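**Student:** the amino acid sequence is not available; the structure is as follows:
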């Protein structure tokens, strides 16, 4: 007898191993059948479809019982039991070995239908099998260590999620856009909650988590508008951008005792009336809490880095304003920034009672996110301020770098004076009567949000030296009029309110609000950053065969888009190209699988949306 006969794939030893494996699995299945018979004998109303058993839990009819998979299969070899769990009453076998899966099926045992790669549960239509349709409950299999990107997004009827401690990470968009979800239980052992993991779960009311959670991603609970109760892990050190933005029913929140940073919009847009800042916090973004119209009391008694006095949340050195109470802003038609403040970036746009703005001599910079009320008619600067200039004749406020900060003219035709080289955020929001705005040839740069919150139908003229237009400089939702660019401009050209590179090979940005279908010109080879951002009424985009590259967030927020076809010449798609495309269930690619890296490129549906040739 040769060595090959003994050890080959079909050798004697291999066949013996197969036989032993099948025998052991059959024994496990027989023991499970006996367990079901015993349960039925104890309770004639027992329904096996309501049973779940894993390494750490035994659940019947959504109620935790004493025991686990090892008590269910107490007489079987633990080495084999380790690969089993009970889901909706069925004994399920899991393995990374295709051979073992085949052997299990040959003896009549159901194998896991889920795609699990190195512990990560990937996005797949098969994941829906995990939901108990009667209760709307999903319990994650205990061999899963990470819930993959978009694995359970947009699931109809989901009401409760139980995530076991054996799962260490909840991936990006994992449960996003589930509009019936009410309760999330994150058990001890889970460490990471990913970006937008529960974003736009409009009916989510309660979240339970333990201190095992070490990180919560950007926008993890974004616009969970009915969220009322959440206990945040005390081991969270950073409240990231927009993590609870739009949680309008979150009336109370206890910040983690080890918290160090609160980022932009982390607590924006909700109903807090009181907030206590822990002593460990060393950084608060100036717009961490914008839109909180009821928050008039902030307790900083334990924190040495911040103070709350006279309605202002200030850094201890008085140099930066981080929050202003609504009662303070509503009290007068004159808004005075206190002396000593050096940087101001706070948003007060909703307080249209304010007519006059008074700036201190200490103020050196008006930064990003500074959005003032459209009602401003007058600006006064204290003597000694060398950083800011108020031009009463032209009704503009600008800085010593010739950046336009505010145009508060109430004329219908406005010509921005020569010498202005850049436009800051919402600089034109106070030009409430404008029908036409002409920028000078000195203008080179439109910063983020430069032309937003302006009157509908305003016509804009840009000069020959503009060479930098931020991807969200112009908000398409404003429905502005015609935007024209000087023909002498060497960087850009505009056709039908669409911004292109001069050679028309790059589509930079669509400047009008699209409803229905949009066809990209055939010569376009690249779609740039945020080119179709927030186009939430576009239903179809026809891409040209010449298209080679699609940029960052190119289709961000195209929520009415359900399908898109990617042509065969496309070689690059940015990683977050389809962020917040909440209904995009099909990305059809005319190429072989894996030929474009980075899938699913931020699509909330995850990999199950990607359809290769």
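**Tutor:** Looks like it arrived, so ask away. This structure is a prediction, so every number in the text was calculated from the model and none was measured.
**Student:** tell me the contacts of the residue nearest to the spatial centre of the chain?
**Tutor:** Central residue of the chain (C-alpha atoms, centre = their mean): residue 196, 3.7 Å from the mean position. Neighbouring residues of residue 196 by C-beta atoms under 8 Å, 6 or more residues apart in numbering: 172, 173, 176, 217, 218, 219, 220, 222, 579, 580, 604. Every C-beta, even on glycine, is put in place using the N, C-alpha and C of the backbone.
**Student:** out of those residues, who has the most neighbours?
**Tutor:** residue 173 (33 neighbours; other C-beta atoms under 10 Å).
**Student:** just to revisit the earlier point, nearest residue to the residue nearest to the centre of the chain other than its sequence neighbours?
**Tutor:** Nearest residue to residue 196 in three dimensions, chain neighbours excluded: residue 219, at 4.6 Å (C-beta to C-beta, 6 or more residues apart in numbering).
**Student:** wait, the one you found touches residue 241, no?
**Tutor:** Yes. Contact status for residue 219 versus residue 241: in contact at 6.8 Å, counting by C-beta atoms under 8 Å.
**Student:** before we move on, back to that, how about a markdown table for the contacts of residue 196, with secondary structure and pLDDT added?
**Tutor:** What follows is the contacts of residue 196, written out as a markdown table (DSSP: H, G, I helix; E, B strand; the rest coil; pLDDT from 0 to 100):
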| residue | secondary structure | pLDDT |
| --- | --- | --- |
| 172 | coil | 95 |
| 173 | coil | 95 |
| 176 | coil | 95 |
| 217 | coil | 97 |
| 218 | coil | 97 |
| 219 | coil | 96 |
| 220 | coil | 98 |
| 222 | coil | 96 |
| 579 | coil | 93 |
| 580 | coil | 92 |
| 604 | coil | 93 |
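**Student:** adding distance to residue 154, write these out as JSON lines.
**Tutor:** Listed next are those as JSON lines, based on distance: C-beta to C-beta, whole Å:
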{"residue": "172", "distance to residue 154": "14"}
{"residue": "173", "distance to residue 154": "9"}
{"residue": "176", "distance to residue 154": "8"}
{"residue": "217", "distance to residue 154": "19"}
{"residue": "218", "distance to residue 154": "20"}
{"residue": "219", "distance to residue 154": "17"}
{"residue": "220", "distance to residue 154": "17"}
{"residue": "222", "distance to residue 154": "15"}
{"residue": "579", "distance to residue 154": "15"}
{"residue": "580", "distance to residue 154": "13"}
{"residue": "604", "distance to residue 154": "7"}
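**Student:** what ranges do the helices span in this structure?
**Tutor:** 3-7, 12-42, 69-72, 78-81, 98-106, 326-330 (DSSP state H).
**Student:** so which of those comes closest to residue 361?
**Tutor:** Of all the helices of the chain, helix 326-330 sits nearest to residue 361, with 21.3 Å by C-beta to C-beta.
**Student:** name the helices or strands packed onto the closest one?
**Tutor:** Using 3 or more C-beta pairs under 8 Å, 6 or more residues apart in numbering; DSSP states H and E as the contact test, no helix or strand touches helix 326-330.
**Student:** contact partners of it?
**Tutor:** 292-296, 310-312, 335, 348, 351, 353-354.
**Student:** list the buried residues in it.
**Tutor:** 326, 329 (16 or more other C-beta atoms under 10 Å).
**Student:** pLDDT on it, on average?
**Tutor:** The average pLDDT within helix 326-330 is 91.
**Student:** report the contact partners of residue 514.
**Tutor:** 476, 532, 535, 537, 538 are the contacts of residue 514 under C-beta under 8 Å, 6+ apart.
**Student:** nope, residue 158 is what I was after
**Tutor:** 131, 136, 138, 152, 175, 178, 180, 181.
**Student:** can you do 10 Å?
**Tutor:** When contacts are counted by C-beta atoms under 10 Å, 6 or more residues apart in numbering, residue 158 touches 128, 131-133, 136-138, 152, 175, 178-182, 201, 203.
**Student:** can you select the buried ones from those in ChimeraX?
**Tutor:** Buried residues among those (16+ other C-beta under 10 Å), as a ChimeraX selection:
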select :131,132,136,137,138,152,175,178,181,182,201,203
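**Student:** which of the contacts of residue 158 lies closest to residue 235?
**Tutor:** Closest to residue 235, out of all of these and judged by C-beta to C-beta, is residue 175, at 21.6 Å.
**Student:** so how far is residue 103 from that closest one?
**Tutor:** 34 Å (C-beta to C-beta, to the nearest Å).
**Student:** which residues touch the nearest residue to residue 253 once chain neighbours are set aside?
**Tutor:** Excluding its sequence neighbours, the residue lying closest to residue 253 (C-beta to C-beta, 6+ apart) is residue 272, at 6.6 Å. Residue 272 is in contact with 244, 247, 250-253, 289, 292-298, counting by C-beta under 10 Å, 6+ apart.
**Student:** how about those residues in JSON lines, adding pLDDT, distance to residue 57 and neighbour count?
**Tutor:** Shown next, in JSON lines, are those (pLDDT from 0 to 100; distance: C-beta to C-beta, whole Å; neighbours: other C-beta atoms under 10 Å):
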{"residue": "244", "pLDDT": "95", "distance to residue 57": "29", "neighbour count": "27"}
{"residue": "247", "pLDDT": "93", "distance to residue 57": "29", "neighbour count": "25"}
{"residue": "250", "pLDDT": "91", "distance to residue 57": "29", "neighbour count": "21"}
{"residue": "251", "pLDDT": "89", "distance to residue 57": "33", "neighbour count": "14"}
{"residue": "252", "pLDDT": "88", "distance to residue 57": "31", "neighbour count": "12"}
{"residue": "253", "pLDDT": "92", "distance to residue 57": "29", "neighbour count": "19"}
{"residue": "289", "pLDDT": "89", "distance to residue 57": "39", "neighbour count": "27"}
{"residue": "292", "pLDDT": "64", "distance to residue 57": "39", "neighbour count": "20"}
{"residue": "293", "pLDDT": "70", "distance to residue 57": "43", "neighbour count": "16"}
{"residue": "294", "pLDDT": "83", "distance to residue 57": "40", "neighbour count": "14"}
{"residue": "295", "pLDDT": "89", "distance to residue 57": "40", "neighbour count": "20"}
{"residue": "296", "pLDDT": "90", "distance to residue 57": "45", "neighbour count": "15"}
{"residue": "297", "pLDDT": "92", "distance to residue 57": "42", "neighbour count": "13"}
{"residue": "298", "pLDDT": "95", "distance to residue 57": "41", "neighbour count": "22"}
